[in-house]
Structure formats: C-alpha cells, structure tokens
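J.: 3D model of this:
(chains A and B)
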Amino acid sequence: MRSRAAGRRSFGRGGRHTGGAEPGAGGARNRESGGGARRARDARERRAASAFDDRRAVVGFLLRLLAGWAIAMALLSLMPGVEQWAVASTVGGVRAALALASLHPQVNGSTIVLGHAALRIIPECTPLMPILMFGIAVAAYPAAPAWKLIGASAGVVLLWAYNVVRMLALIATLTWWPRWFKFLHVYLWQTVTLLVVCAMFLLWLRMAPARESRA
Amino acid sequence: MRWLLRFFVWATVLAVPCWLLADTYHHALEAATLGTLGIRAAAASIPAPDVPASHVLGVFAAMCLASTRAPWKRRLGAVAAGVVGLVALEWLTGVAAIAWMMRDSGASGTAEFTARLRDNLTSLPAWIGAPVLWLALLGDRELPGAGARREAAGGAAPAGPRAGSPGGAR
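T.: Predicted structure coming up:
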C-alpha cells in the first residue's frame, strides 16, 4: 500500500532512484559491496537525497501557490463583479435550501431574514476564498491537467454546497442559540472551512490516477 | 484521514483559548502597529476583524500538532517558529495596510482597483497564513509522497506512526 501510494502520488522528482522502492536493484548492489556499514551509509545518503528532494518540491509548491494567489487577488480586484455574483448566488442558494425545507425567508438585498434571525451576506461569507484556496492548491500540485480540471470543478460545486450548509447552520444558531453565534461564526468560518478544504484536497490526491513513469 | 481528525480535535480545543485571548491579542497588535507608524490614536480605533487574528494562531498550531509524521520536537519547534512568524505577518500586514490607506487618502481620486487590491491582500493572512506557514515548516514531512519516498529510500525515519497523516496510508 505504501509503495503504491508513493508511486502514485510522488510529490518531488518522480524519477529519482530510491533503493527501497526497487528491492531487486538495491539488493544486487548490496551484495556486490557487502558489509552492513556500506548499506547503512547508502541508506543515509538516499535518505538525505530524498529529504532534499522533498524540501525542494515543497518550496516549488509554495512558490506556485503564492504566484497563484497573487494572480487571483489581482483578478478579483480587477473584476469586482465576481464578488457581487458570489454574494447573489450565496443568497440564492440559501434561499433555495430553506425553500426545500418549506421555509420562506425574506430577502432584502444581501440580507436573509427568517423569523427573528437576520443574516447579512458579505463577500467573505461566500465560498469564493475557499474555492480559491482549493483551486490554487490543485493547480499548483504536480498532477495531470485533466485531473486538476476535474478536481477544481468538483471543488467549486462541493465548496459552494458546504457554504450553503454553513449559512444554514448559522441561521439555526442565530435562531436558537444567539449567544453562541459569534463563536460559532468564527469557528465554522476558519477552522471547519480549512478542514473541509484540506479534506477535499487529500481526497483529490487519494483518488488521483496513477502517474506515468518518467524513468 | 487520521491527520484530519487530529487537526479537527486540536483546532476545536485551541479555539476556546484563542477566542478568550482575541481582544487582548487584537489590542496588542493595534498598539504595535500604530506605534510603528507613530500614530497617536486610541487603541480601539482599528475595528476588530471578523475572524480574530488569535484564531489564525490556533488553527496553525492545530495543523502542526496534528502531525503524525514529524517527531514531537519538530512539531513544537514548528509551532513556536510559526506563531512568531504569524504574529510578525499580522503586524506587517497591519502596518502596510494602514500606511497604504494613509498614502491613498492623501492622494486625490484613489483608483478603485488599488483600494480593492489593498483590501484583498490584507485579508489574505487570515486565509492562507496558517496553511502556507505549515507547508513551509512541515510540508517536507507531511505532504503526500514525501514521507513515503523517504521511508522507501532508507528505512524508517524517526517519526513514529505514519498512517493517517496527509501523506500517510489512507
């Protein structure tokens, strides 16, 4: 399981030789050299080379992430209509979800009123940033372009749905436990949203098809 | 998936002290930011953000502590270094945002694009500060494929259990 996973989701240089992954070749060399000291030194060297690859891969991933965020922020600033559309679609989604439960809220602009609860949707309440987090991470990670496209598309749908559920949870909190609203708002916004994005990213990696060997 | 569960538990546990420290931390950041810019203003003049800055620290610490690949020494080192880095990042963001705002308010007709870009950029640390620092400090251990390849390269690394971390068997 472990070797297969490493092969499928190799993050750094996929073609680097790792002795443990190729027991036949490693064993032959070990037989030639003989001696435990030599084997231990080889293992140390391979670990060091692998650690260097890991660090380099992480730095590359981070740089691509930051470049992606810079581009995304510039585009968002150039196109304010995106945020307005995100607010309108969030309001529409929450309204539709409540309608499914036979509840009919009043909507005044970007404010949803249900009974005593009134929730104003601002750009930060939309799934825009979580979608960007996920989409940029998917785009920055080494994977097949088609798989990236599938992941990003599924991410948009799932995160949009998650955000509607989050809004419904906040409306419920505001209705029944208003004293807890502020804490839960922050908790759901930051912690749970990040958890959902991480979970989706890991799921995307886990379901990734095997990469072609570069060797 | 064990990493996710551990992250959830740690983040939930740390959410409470971070919530209790939110006002104190916010006022301290305000004082440091305004002091750096030489602005004499009441400490409460900067409105508190929707997501308390202290909460970002808690989420970051939870990400590090949830690790199942890195040894405890490295996790705690990452928490210490990362928290210092996040505090510095918040402080620098505050200084840059206020300085940028003051410069723009003096100029006639600030471009809408610039104002939006400033708002977007200054909101970024709350979203990506914790994950980016976590990647920088523990990514070589925790990212999928990394630890497994190292294990294959030279036997067990001194990290303890592996299954369940982001890069572990799922």
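
J.: and the helix or strand hosting A:Arg46, what other elements does it pack with?
T.: Taking DSSP states H and E as the definition, A:Arg46 sits inside helix A:36-78. Packed against helix A:36-78, as judged by 3 or more CB pairs under 8 Å, 6 or more residues apart in numbering or on different chains; DSSP states H and E, are the following elements: helix A:23-33, helix A:81-100, helix A:128-140, helix B:112-124, helix B:130-142, helix B:146-154. Using the backbone N, CA and C atoms, a C-beta is placed for each residue, glycine as well.

J.: swap the cut-off to 6 Å and go again
T.: helix A:128-140, helix B:112-124, helix B:130-142, helix B:146-154 (3 or more CB pairs under 6 Å, 6 or more residues apart in numbering or on different chains; DSSP states H and E).

J.: winner for burial among these?
T.: Of all the helices and strands packed on helix A:36-78, helix B:146-154 has the most neighbours on average by mean count of other CB atoms under 10 Å in any protein chain shown, namely a mean of 26.

J.: could you dump the helices and strands packed on helix A:36-78 into JSON lines with mean pLDDT added?
T.: Shown next, in JSON lines, are the helices and strands packed on helix A:36-78 (pLDDT from 0 to 100):
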{"stretch": "helix A:128-140", "mean pLDDT": "95"}
{"stretch": "helix B:112-124", "mean pLDDT": "85"}
{"stretch": "helix B:130-142", "mean pLDDT": "90"}
{"stretch": "helix B:146-154", "mean pLDDT": "49"}
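
J.: so which of those helices gets nearest A:Ala161?
T.: helix A:128-140 (11.4 Å; CB to CB).

J.: returning to what we had before: starting at the chain centroid, how far to the helix holding A:Arg46?
T.: 17 Å (CA atoms, centre = their mean, to the nearest Å).

J.: so for residue 96, what's the pLDDT?
T.: Using chain A here. On pLDDT, A:Ala96 comes in at 93.

J.: that's the wrong chain, I meant chain B
T.: The model's pLDDT for B:Ala96 equals 89.

J.: OK, contacts around residue 115?
T.: Because you didn't say which chain, this covers chain A. Going by CB atoms under 6 Å, 6 or more residues apart in numbering or on different chains, A:Gly115 touches A:Thr175.

J.: swap the cut-off to 10 Å and go again
T.: Counting by CB atoms under 10 Å, 6 or more residues apart in numbering or on different chains, A:Gly115 makes contact with A:103, A:105-106, A:171, A:174-175.
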